[in-house]
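*Asks:* Quick one, fold the following:
(chains A and B)
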2 protein chains.
Amino acid sequence: MTGVLDGLLVVEGSAFVAAPLGGMTLARLGADVIRFDDVRGGADHGRWPLGPDGSSLFWRGMNKGKRSIAVDLRRPEGRELVAALITAPGPDAGLFLTNFPATGALSYERLRARRDDLIMLTLTGNPDGSSAVDYTVNPATGLPLITGDGREPVNHALPAWDVAAGLTLAVGLLAAERHRARTGRGDHVTLSLADVAFATMADLGYLAQARLLGEIRPALGNDLYGAFGRDFTTRDGRRLIVVAITLKQWRSLVEATGIAEFLPTVEKALDVRLDDEGGRFTARDAVAALMAPWFARRTLAEAQAGLDAAGVCWGPYQSFTEAAATDPRLSTANPLFAEVEHPDLGPLTTPGSPLAFTGRERSDHLRAPLLGEHTDEILTGVLGLSPAEIGRLHDAGLVRATEARP
Amino acid sequence: MTGVLDGLLVVEGSAFVAAPLGGMTLARLGADVIRFDDVRGGADHGRWPLGPDGSSLFWRGMNKGKRSIAVDLRRPEGRELVAALITAPGPDAGLFLTNFPATGALSYERLRARRDDLIMLTLTGNPDGSSAVDYTVNPATGLPLITGDGREPVNHALPAWDVAAGLTLAVGLLAAERHRARTGRGDHVTLSLADVAFATMADLGYLAQARLLGEIRPALGNDLYGAFGRDFTTRDGRRLIVVAITLKQWRSLVEATGIAEFLPTVEKALDVRLDDEGGRFTARDAVAALMAPWFARRTLAEAQAGLDAAGVCWGPYQSFTEAAATDPRLSTANPLFAEVEHPDLGPLTTPGSPLAFTGRERSDHLRAPLLGEHTDEILTGVLGLSPAEIGRLHDAGLVRATEARP
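*Replies:* Next up is the predicted model:
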């Protein structure tokens, strides 16, 4: 590997989406991320979807590029081994990312006593440390009530707050490590899923809008808030969305759909200016009604030709299956993806990092380890244990190693 | 400010959500992030929601903690000024984050000619550099077709891919800067919104599921995929979600709702094991039907008492207005938030970074600048221009400064 983070050693004690994504984000940039799990597998070891052999495709998705060590975490000697790993010496080590309860041997205080400049990132559900998951945080943000048509609350299918939290953890780790490299000081950084969600809602203007205007954003179906964005159906029954936030996007859309001559009437009737994004939002139903025939007369392919020629910002709705079969962005035609050989599943189309370092050879298309695949090499390489010592750990059932079948 | 990124100088040319969030994420950790805009305001200067004075609450939300310089970007001399800013000398400068078309004086090649170790991050819509926004990328992921009840595609109200892309940009910048500090080498890093979306879908297991099993995940309403997660309605008409992914969460839920005695019947009738997460998913309708009376007999407050006592993972649905009025996590009772004085709007409840550095005084509760608020101090402090030179730039209309009203 030749990633920009080569040499950085991060130990991860994690499960599910956010914390594993934080570590994987760093692993795909070249960091040596060691995920430790209980010898019986972590809480996410059976998370759906499952593959043909019953193993978790989810787990494989969220742990690509990491090394895996399997330790009996229920026994003090196992936790002691993990603590030694976390606090291993070296200027690029001593980084611990976790969403486990930080107690006992894995508490910040106990770990810091072993390595004073430790950087530890702890993810919790709520800011007070209590438990919450994406699916219980999101309903508290109000978003389900303004998703869809507003008749029933609708949850997002994407665990968006988990994704945001995972990436925020990666930011926090790199920021704290930069600071440590300059000052020698470690940090205990905490992050909660709820804080990620509520900070983002406030950043997007929801909180100021509520406080200053007493306003709540309404459920708008698939319409865009505050500008023009609307679904249309084509002659062949396909659905697409067009978006005109900027004036340039609006002019392209008007040109493509040929409705310019009707717009003065809309502006007069509704007392709006359509070169203003708020005017476009206010007049969206009238505009959409005038535009709809253009789409209804065309197939998706014909609409695409007209929209692309005018430079319209638009996109088709498609199922994930259709995207996987036909969208070049989701195939090895896109450098993001490569076929990666998996020891037991064969080749799988696998994404690397969405961050592309131009002029650098890609080395970020990596598979996930098997549980405990790197147990012995980590005990040797990071902790410096002898074959005899490692043998004793195996005999005691404290560690487990899995050999990848070729 | 005493953030961990103190000293880092990032120049940002941006609009809308992703790139501004990338810069803001770094600014809240202490980086000096200079956002440059055209003297007339950028493409997002009027983005809704608008405040009582007609100014964009969105813009204020996405640019907190940055310094603002306003330059005439339509004139070559203006772009030249920005290029000088981007390539200003110093080991902690020479970082440029943008979602603008990287052409002319602001192309990587031209900028790199001025500073060989430049780090530039360019965000595009599609991997081929073509334009796309969150609202046109998401329909291509298939998520709208499995959000809600599946009758109509439903877009998320949250620009989730924008948020993920912004945070990924912050990761990329810190990773590239770490590499430069160690090797002296700069980088041109590119990221597309579509790659963020498709990589995440693949990471979550969708792609392997489609390739290996030919399966598409169905629309599940608000149910959780692959385990037990379900909405219930309480006696006072409130709605909540309960989630049981782990065995511990499941046992808590069974205990709280008192349905243990019915479960052997469910297991027998449906031929599943409920201590397996997939079994809980398969049997979710039967389980929910047996559980519903417990919720229907209780008010939200009563349900809360019972669920919390048993340690159930759950959350209520609430509107954002209700959250802003009553949820302590969205108030200054949570250290994430503080009242921040705005020169023209008065005090506003404002989030800092969700990353909390324990043991460090918080200095991340920051307001957004006014457009051009720091023009003169940046020309002086970063470019070293004299008052006479700055006066000439003003006279020529090349820059604009806004004084914050006290």
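
*Asks:* who in the stretch 301-406 of chain A is up against chain B?
*Replies:* A:311, A:313-324, A:327, A:329-330, A:334-337, A:345, A:348-360 (CB under 8 Å from any CB of the partner chain). Using the backbone N, CA and C atoms, a C-beta is placed for each residue, glycine as well.

*Asks:* In strands, which of those residues appear?
*Replies:* Assigned to strands by DSSP state E, the following of these qualify: A:313-316, A:337, A:348-351, A:356-357.

*Asks:* any chance of the residues you listed in a markdown table, with neighbour count, distance to A:Pro89 and pLDDT too?
*Replies:* What follows is those, written out as a markdown table (neighbours: other CB atoms under 10 Å in any protein chain shown; distance: CB to CB, whole Å; pLDDT from 0 to 100):
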| residue | neighbour count | distance to A:Pro89 | pLDDT |
| --- | --- | --- | --- |
| A:Cys313 | 23 | 53 | 97 |
| A:Trp314 | 26 | 55 | 97 |
| A:Gly315 | 22 | 51 | 97 |
| A:Pro316 | 18 | 54 | 97 |
| A:Phe337 | 23 | 38 | 98 |
| A:Leu348 | 21 | 37 | 95 |
| A:Thr349 | 18 | 39 | 97 |
| A:Thr350 | 27 | 34 | 98 |
| A:Pro351 | 25 | 34 | 98 |
| A:Ala356 | 21 | 34 | 97 |
| A:Phe357 | 23 | 30 | 96 |
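
*Asks:* Just flag the most distant two among those residues.
*Replies:* In terms of CB to CB, these reach their longest pairwise distance at A:Cys313 and A:Leu348, which sit 32.6 Å apart.

*Asks:* for stretch A:290-301, which positions count as buried?
*Replies:* Neighbour counts over stretch A:290-301 (16 or more other CB atoms under 10 Å in any protein chain shown) mark A:290-291, A:294-295, A:298, A:300 as buried.

*Asks:* how long is it end to end?
*Replies:* Start and end residues of stretch A:290-301 are separated by 21 Å (CA to CA, to the nearest Å).

*Asks:* what's the answer for stretch A:40-57, then?
*Replies:* The separation between the terminal residues of stretch A:40-57, taken as CA to CA, is 17 Å.

*Asks:* So that stretch, near chain B or not?
*Replies:* Yes: Stretch A:40-57 comes into contact with chain B when judged by CB under 8 Å from any CB, the residues involved being A:43, A:46-52, A:56-57.

*Asks:* And for stretch A:173-191?
*Replies:* Yes: counting by CB under 8 Å from any CB, chain B is contacted by stretch A:173-191 at A:174-179, A:181, A:187-191.

*Asks:* Could you list which of those residues belong to strands?
*Replies:* Using DSSP E to define strands, the subset of those located there is A:187-191.

*Asks:* Now compare those and name the two farthest from each other.
*Replies:* Using CB to CB, these span at most 12.1 Å, a distance reached by A:Asp187 and A:Leu191.

*Asks:* tell me the domain boundaries of chain A?
*Replies:* In the assignment given by automatic domain parsing, the structural domains of chain A cover A:9-201+A:354-400, A:239-316.

*Asks:* In space, what's closest to the most centrally placed residue in chain A - neighbours in sequence excluded?
*Replies:* A centroid search over chain A (CA atoms, centre = their mean) returns A:Val163, at 3.2 Å, as the residue closest to the centre. Among residues not flanking A:Val163 along the chain, B:Ala164 sits closest, at 5.2 Å (CB to CB, 6 or more residues apart in numbering or on different chains).

*Asks:* ok, that neighbour - contacts?
*Replies:* In this structure, B:Ala164 makes contact with A:160, A:163-164, A:167, B:196-197, B:200, judged by CB atoms under 8 Å, 6 or more residues apart in numbering or on different chains.

*Asks:* Put together JSON lines for those residues, with pLDDT on each row.
*Replies:* Supplementary listing: those in JSON lines, determined by pLDDT from 0 to 100:
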{"residue": "A:Ala160", "pLDDT": "98"}
{"residue": "A:Val163", "pLDDT": "98"}
{"residue": "A:Ala164", "pLDDT": "98"}
{"residue": "A:Leu167", "pLDDT": "98"}
{"residue": "B:Val196", "pLDDT": "98"}
{"residue": "B:Ala197", "pLDDT": "98"}
{"residue": "B:Thr200", "pLDDT": "98"}
